[in-house]
Structures are given as structure tokens and as C-alpha cells.
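Participant: Need a 3D model of the sequence below.
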Amino acid sequence: MSLAWIVSGEHYCGDHGEAHVAYGDTALDAARSLDKARTSTFNPIDGDELADGVTVTRAERWDHLAPDGPTLAMRLADGWWQTCSECEHEVHHEGCEACAEERYSEEHGEAPMRDPVVLDDYVFCNVTCLRAWQASRTARKLRAQMAAHRAIERWPFVTVTRADGNVYVGRELGAVVTFTFDGNREGEWDDGKPDVQKGERPAFRFHNVADEARWHELAGERDVAWEVSFTDDDDDPACEIAYARTPLAAVLVAQARSACDLTEYGEIAAHVTATRAPQWDAYAPDGPDDVTLLAAGWCVACAGCSGHADPDSDDAPYVEGKRVWCSAECHAEHVARMAIHAAAIGVASARYPFAKKLKARDAWRYDVRVIAVDFSFGDKHRATWYVGDDHAEVDSVGLDEWNVLRGTP
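Facilitator: Numbers count the residues shown, from 1 in each chain. Purely as a prediction, here's the structure:
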């Protein structure tokens, strides 16, 4: 028969010790048994020996209780203290000193300690803690049951496998529902106050993108258009059209596109608004082009310069195809610049007949604006020729191949 031992060590937080009853033929066997059970906050074993600071003593009075060991009530009667399952105070067989101190009043003086309560595997300072724990547990069960009911009611094609009503959703206690759908696909749904207060689509989690796509297909949900208004980093008003299912998701899309901070602690920032824009739903997923936005009264980025095309400006915007310029003059400058770029590409093609994927651009060299032609050659090597230079700039890896193509040693 296994012998009873008390294995003692220091609690992981270092402010008090803790002890456990374990069974084994020897002290080391008992420590190994405790280590295997993983019920202690300290490590009882270090290699093949007891860990530093761990002591093991015999407890003959509990030999006959193997393998489960003494109950919580037995430990309290034996002088052990336990942690209250409700308030986490130290509970001794006389009661809870901390709870008695909290009931102290100047009128009645010191309050006596009340008898502790043991219920199954739980210990409580007194009946008040027990009732509070029972009320909290009932509330958790009710939250879980209601969340499961709401999930089935809203999405009849799901099968709820688990509901946990003891989790925080946002800043409030809520529930997480685990479910299966369409065979063996699985997902999770957060049911809590953010869904009720903001009218947002609740948060879901799936194992992979395919499961999420199938979920939206079965649920009949789709991305819709939102106008996300905010102040950019230059303190100028800005607005982005984003496609998503919730205001927060739309703000996250706009945030990634604009590189501005539009959220705070996982929620929409105070200076940001997301408004439904059903007039843009038909343009998903890319959104309306600049010509359409200009016709709707929006300011759009000029295709030729760093300015904006404003429908209310004295300089009428210039439209060609689906592109918009801030003025006819800016468009004319753009056309002239494109002609120069085309000529530069023609010259580069003549100089380097092996060049591929030529593209001209404006560039600055030593504070002088020049035309640069980027191109590739050979085995995906890159080079740049600045108009007027005698030589092109070639990446070092492709220099040998460049010399072969150019016929230079």
C-alpha cells in the first residue's frame, strides 16, 4: 500500500508556502506523484532529486485514504488553511480572519469569525461567500444558456457544442459560444455587450479562411460600404470608403489604407466616425472610381500632381476616362510629361536592346529633376538609366551578365 506524505514548498508568488498530500512508497516517489499530477505551483522535482526548498514528511494518519487523500474538511480540521473559492481569503477551521475584520464596526467592535463552509471541492469563508459564489455561478450558467439560445435562433444551421458564460467580451462579462456547422467545420462567437450597445456584428473566430467564407455564405452576410471620417496626421479632414460587415472592421480597413491611428484599445477612436453608405454598396469591393466620387461632390487626388481635384474650385477639374486632374493646365503638363517619358523609353530601348519592362519616372539627382528609366534584363536583374548619362546603374549581382550582354570585358 502506498504511504501518505506531505510535500511542502514555496508558492510561485513567493509570499507564502503551500503543501500537498501525495502518495508513494518513498518520499521521492510522493514528490514525483505530485509533479505528475501538476496540482502544485512549485516544482517538487529537479532531475532525479527533490528540488531546493522542498520538504517531504510522513503523514501516517492519512495512509488509509489513498489514493484520493483527505477531503477539504479533513484538512481544515487538521489545521491546514485553504483558499476561499469566492473571495480568495485564507480559510482556517476557525473561519476567516479577513472577513471578520471587514465586518468590524466602531459601534459593535470586533466581529466574531463565522464557520467555514465546504461544498464538494470548494471551500468558503462562510455562508455569505457561498451564496455569492452560487449567485455568480447561476449568472454564468444563465449567460451561457442565453448565448447558446441566441446563436441557434440567429443561425439555425449551427450546432452548439459549448457555451462559457465566465469570459469578458469587451469590458463586460459575456459568453463565448463554440459551435459546428456544415459538417465538421467549427467556429466561436463572442456574445456580449459590444454587440448589444453598438449594433455591431459580433466577433467570430474560425480555424481557417475556408471555414469563415463558408460561414458567411450560409449566413447570407456580405461586406457593405462605410464612410470612415477622421482627421489625418496633418490635421486635415479625410474620408475613406471601406467595405466590411461592422463599423469597427471598416475602420480597421481604413486604418491600414491611410496609415493613421483610427482605433484606441481595440475600439473606434473618439475622433473617428463610421457611417453606413449604401449608395456605394454596388461598387464593392474596389469602391467607386474618382470620376464617380467627383460627380458626388467629393475631392479626389489629382492624377498629375500632389494636389486635389475639387468640384467647387474655381479651376474646374479635368476628366479623361476614369482619371481626374485638378485642372486642364495640370492635365496638359501631365500629357507633356508622359510624352517625355515615352521618348526616354525609346532612347533607352535603342541603347539597351536587351532591356525588358521599361518604365520611365521623374527623379531627383543632386537637387536636379531628371528622367529615370528602370528596366530588367537577363535573369531578373535590375538596372536604371538616367537620361543624359553615359552609363546605367546596374545591381551588383547582375554585373557579369550585364557585361556579357553589352559585349564589354
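
Participant: Which helix or strand contains the spatially closest residue to residue 285 that is not a sequence neighbour?
Facilitator: When the adjacent residues along the chain are set aside, residue 285 lies closest to residue 243, with 5.4 Å between them (Cβ to Cβ, 6 or more residues apart in numbering). Heads up, the C-betas are built off the backbone N, CA and C, glycines and all. Assignment of secondary structure by DSSP states H and E places residue 243 within strand 237-244.

Participant: In terms of secondary structure, what does that strand contact?
Facilitator: For strand 237-244, the elements it packs on are strand 224-231, helix 247-258, judged by 3 or more Cβ pairs under 8 Å, 6 or more residues apart in numbering; DSSP states H and E.

Participant: Run the angle between the longest one and strand 237-244 for me.
Facilitator: Going back to what we said before, that points to helix 247-258. Here the directions of helix 247-258 and strand 237-244 differ by 120 degrees (axes from the mean of the first three to the mean of the last three Cα atoms, to 10 degrees).

Participant: Check what contacts stretch 319-339 and list those residues.
Facilitator: For stretch 319-339, contacts defined as Cβ atoms under 8 Å, 6 or more residues apart in numbering pick out 289-291, 294, 300, 302-305, 307-310, 313, 315-318, 362.

Participant: dump the residue contacts of residue 355.
Facilitator: Contacts of residue 355 by Cβ under 8 Å, 6+ apart are 348-349, 375-377, 383.

Participant: Distance-wise, check it relative to residue 382.
Facilitator: Residue 355 sits at a distance of 11 Å from residue 382 (criterion: Cβ to Cβ, to the nearest Å).

Participant: did I read that right, residue 53 in a helix?
Facilitator: No - counting by DSSP: H, G, I helix; E, B strand; the rest coil, residue 53 falls outside a helix, being coil.

Participant: May I ask you to confirm that it is in contact with residue 9?
Facilitator: Yes - counting by Cβ atoms under 8 Å, residue 9 is a contact partner of residue 53 at 5.9 Å.

Participant: Looking at those two, which has the bigger crowd around it?
Facilitator: Higher neighbour count among residue 53 and residue 9: residue 9, with 23 against 12, using other Cβ atoms under 10 Å.

Participant: In the helix or strand where the more buried one lies, which residues are buried?
Facilitator: Here residue 9, judged by DSSP H and E, is contained in strand 3-10. For strand 3-10, burial by neighbour count (16 or more other Cβ atoms under 10 Å) applies to 3-10.

Participant: remind me which residues of the protein are low pLDDT?
Facilitator: When residues are selected by pLDDT under 70, those of the chain lie in 1, 14-15, 105-109, 169-171, 192-202, 409.

Participant: quick check: domain ranges of it?
Facilitator: Domain assignment of the chain by automatic domain parsing yields the ranges 3-124, 136-200, 224-288, 332-406.

Participant: Which among the helices and strands packed on strand 237-244 is found nearest to residue 98?
Facilitator: Evaluated over those, closeness to residue 98 peaks at helix 247-258, with 42.1 Å, by Cβ to Cβ.
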